[in-house]
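A.B. asks: fold the following and give me the result.
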Amino acid sequence: MSDTITPPPSRMAPCPCGSGKRFKSCHGASSDSNPSLIKPSNKDLHLRALAQQQAGNLAAAIVLHRQVLATDPDDAITQHYLGLALMDLERPELVEEAFALLDTALEKMPEEPEFHNNMATVYINRGEYEAAIGSADMTLSLSPAHARAHCNKALALQEMGAHTEALALFERAVKLEPRLVLAQWNESLSLLALGRYQQGFALFEKRYQLPGYTGRTVFPNIERWDGVPIPGRKLTIIAEQGLGESLQYMRFAPYYADLGLEITLVVPETLKELTRTLDARITVVADNSLLLKFDGWTGMMSLPYHRKLSEKNVGSAAYLSVPADSVANMRAALLADSKHVTGNKLVGLCYAGNTQKQARRFDRFLFAEQLAVLAQMPGITWVSLQKGEAVTEAMFTQHFPQGISKTLNTLWDTAVLASSCDAVVSIDTVIAHLAGALGLHTHLLLHTPAEWRWCLGDSP
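C.D. replies: Predicted coordinates:
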């Protein structure tokens with residue numbers, strides 16, 4: 001996870017560059033220190049644009065930045081922040097213009113470390129990690145104590161699998177800027193990747209302090225659980241991030257029911273039916289407003305930390321299920337489809353995941369030539385587990401004319417269909433998490449290096 005440095009809402013706030021100075025005395029003074037940078041008549045527009053950008057209102061910021069450049073086309077600061085705003089929209093047709101603006105601004109102000117550091121962030125978000133390291137190094141050559149540049153270089157190394165080197169840089173960044181939560185949280189991911197689970201999950205708790213974390217606002221007047229299991233106390237556990245993370249971490253909830261806690265899980269609606277097969281002692285809801293009085297809450301991703309997770313107690317048994325008769329009926333229906341059954345093995349296939357993210361979007365689906373290789377494997381009848389708008393059904397029937405495709409309206413439908421197969425092959429991690437939770441023989445196609453949660457080889 002990375003972030004771009006943009007000005008804070010108040011000029012009296014600390015400068016985001018990590019200098020320790022107030023913004024008005026650091027990068028906020030840029031327009032005052034050189035009158036040629038921003039025309040006096042444009043200062044109001046300039047500050048309004050930066051405020052909109054800081055608030056995440058990119059469209060409004062872009063309009064204001066363009067108004068500044070209309071009267072002062074050589075304003076390097078506005079060119080830089082307009083380039084960042086265009087890049088943050090993640091629209092491919094704007095990338096060329098964004099890079100042109102960013103490059104032009106750097107040509108005019110090559111000694112500005114913040115410009116180089118923001119470029120490092122851009123490259124990280126695009127998955128261009130070597131380029132990110134180059135920009136971070138340039139920042140550090142201009143400003144050796146730049147905490148966020150150390151953090152950005154560490155992030156790039158982390159994504160390349162160099163976790164030991166990344167750890168040293170994260171630690172350096174935190175030493176320079178002790179309140180840099182972004183570095184502490186990302187440090188946890190490298191610790192987890194190296195198998196140092198207890199240290200990693202302890203730092204993983206820093207996510208509660210990240211600006212974008214929404215869990216804090218779910219129950220603002222109720223204390224977050226401190227991890228002490230007092231029998232009879234009512235604990236609400238909320239899902240975090242996406243469906244995959246919910247499927248991964250819910251496995252730990254029954255352990256706390258074993259300790260005598262009354263557990264309620266709050267999960268996305270699409271997971272509610274499946275989650276109710278987890279443990280009969282656990283109440284499952286999808287709407288916070290349905291909750292009655294309880295004693296504390298925690299994010300689902302904190303459960304391993306409170307349990308002091310290690311390789312010895314991670315567990316590998318199935319923890320979700322669908323009715324055996326539903327699976328038997330589905331399998332019988334699949335095998336009875338003589339038009340399509342060409343092999344004695346039924347293998348479920350999910351060939352596309354979320355392609356919306358700018359970085360790594362090309363390793364979230366299988367290319368035609370890769371599908372062709374699978375189609376030629378003998379003795380297999382392929383069953384599509386694809387659902388959603390990522391790829392149309394026509395793609396499956398094109399490459400697997402003898403394959404079987406069913407309409408999947410819910411994740412429960414997917415679970416039944418996957419359970420009817422002899423194995424599952426997926427490039428989508430949600431389907432892999434689902435198949436693993438059901439105890440199915442699963443092959444996950446991953447980019448390398450993979451995230452810490454997948455370990456190496458067989459993963460529990």
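
A.B. asks: what's the nearest residue to A76 if we skip its chain neighbours?
C.D. replies: In space, not counting the residues next to it along the chain, A76 is nearest to K108; the distance is 4.0 Å by Cβ to Cβ, 6 or more residues apart in numbering. Heads up, the C-betas are built off the backbone N, CA and C, glycines and all.

A.B. asks: I meant to write K293 there.
C.D. replies: Among residues not flanking K293 along the chain, K234 sits closest, at 7.2 Å (Cβ to Cβ, 6+ apart).

A.B. asks: how about the contacts made by the one you found?
C.D. replies: If you count contacts by Cβ atoms under 8 Å, 6 or more residues apart in numbering, K234 has them with L261, E262, T264, K293, F294, D295, G296.

A.B. asks: contact partners for the first one?
C.D. replies: For L261, the contacting residues are P229, I230, P231, G232, R233, K234, L235, taking Cβ under 8 Å, 6+ apart as the criterion.

A.B. asks: 10 Å instead?
C.D. replies: With contacts defined as Cβ atoms under 10 Å, 6 or more residues apart in numbering, L261 is in contact with 225, 229-235, 237, 253, 255, 281-282, 295-296.

A.B. asks: which of the residues you listed count as buried?
C.D. replies: If you count burial by 16 or more other Cβ atoms under 10 Å, the buried members of the contacts of L261 come out as W225, P229, K234, L235, I237, A253, Y255, I282, G296.

A.B. asks: what about those residues, which are in strands?
C.D. replies: With strands identified by DSSP state E, the entries of the buried ones among the contacts of L261 that belong to them are K234, L235, I237, G296.

A.B. asks: farthest pair within these?
C.D. replies: Farthest apart among those by Cβ to Cβ are K234 and I237. That separation is 10.9 Å.

A.B. asks: which neighbours do those two share?
C.D. replies: Shared contacts of K234 and I237, defined by Cβ under 10 Å, 6+ apart, comprise L261, I263, T264, G296, W297.

A.B. asks: okay, and the beta partners of the third one?
C.D. replies: When you say that, I think you mean T264. Beta-bridge partners recorded for T264 (DSSP bridges): T236, T283.

A.B. asks: quick check, it in contact with V284.
C.D. replies: Yes: with contact defined as Cβ atoms under 10 Å, T264 counts as touching V284 (7.5 Å).

A.B. asks: report the set of residues contacting both of those two.
C.D. replies: Common neighbours of T264 and V284, counting by Cβ under 10 Å, 6+ apart, are A253.

A.B. asks: which one's the longest helix in the protein?
C.D. replies: Looking across the chain with DSSP state H, the single longest helix is helix 92-108.

A.B. asks: and for that one, what's in contact with it?
C.D. replies: Contacts of helix 92-108 with the rest of the structure, by Cβ under 10 Å, 6+ apart, involve 37, 62, 65, 69, 73-89, 91, 112, 115-116, 118-119, 122, 126, 135, 138, 358, 361.

A.B. asks: just the ones of those residues in helices?
C.D. replies: Per DSSP H, the subset of those in helices is 62, 65, 69, 76-88, 115-116, 118-119, 122, 135, 138.

A.B. asks: how about the spatially closest residue to E159 that is not a sequence neighbour, phi and psi?
C.D. replies: If the residues on either side of it in the chain are set aside, E159 comes closest to Y129, at 5.2 Å by Cβ to Cβ, 6+ apart. Backbone dihedrals for Y129, given as degrees, to the nearest 10, come out at phi -80, psi -30.

A.B. asks: wait, doesn't Y129 sit right on A154?
C.D. replies: No: using Cβ under 10 Å, Y129 and A154 do not qualify as a contacting pair, with a distance of 11.2 Å.

A.B. asks: so which of these two has more stuff around it?
C.D. replies: Set side by side, Y129 and A154 show more neighbours around A154, with 27 against 20, by other Cβ atoms under 10 Å.

A.B. asks: tell me, how many residues neighbour the residue lying closest to that one once chain neighbours are set aside?
C.D. replies: Excluding its sequence neighbours, the residue lying closest to A154 (Cβ to Cβ, 6+ apart) is L169, at 3.6 Å. Neighbourhood size, L169 [other Cβ under 10 Å]: 25.

A.B. asks: how about L366?
C.D. replies: The number of residues packed near L366 is 21, by other Cβ under 10 Å.

A.B. asks: so how far is T397 from it?
C.D. replies: Computed with Cβ to Cβ, to the nearest Å, the distance linking L366 and T397 is 15 Å.

A.B. asks: could you list the low-pLDDT ranges of the stretch 151-300 of the chain?
C.D. replies: For the stretch 151-300 of the chain, applying pLDDT under 70 flags the ranges 215-217, 288-292.

A.B. asks: where do the strands sit along it?
C.D. replies: Counting by DSSP state E, counting those that start in this stretch, the segments of the stretch 151-300 of the chain that form strands are 234-238, 262-266, 283-285, 296-299.
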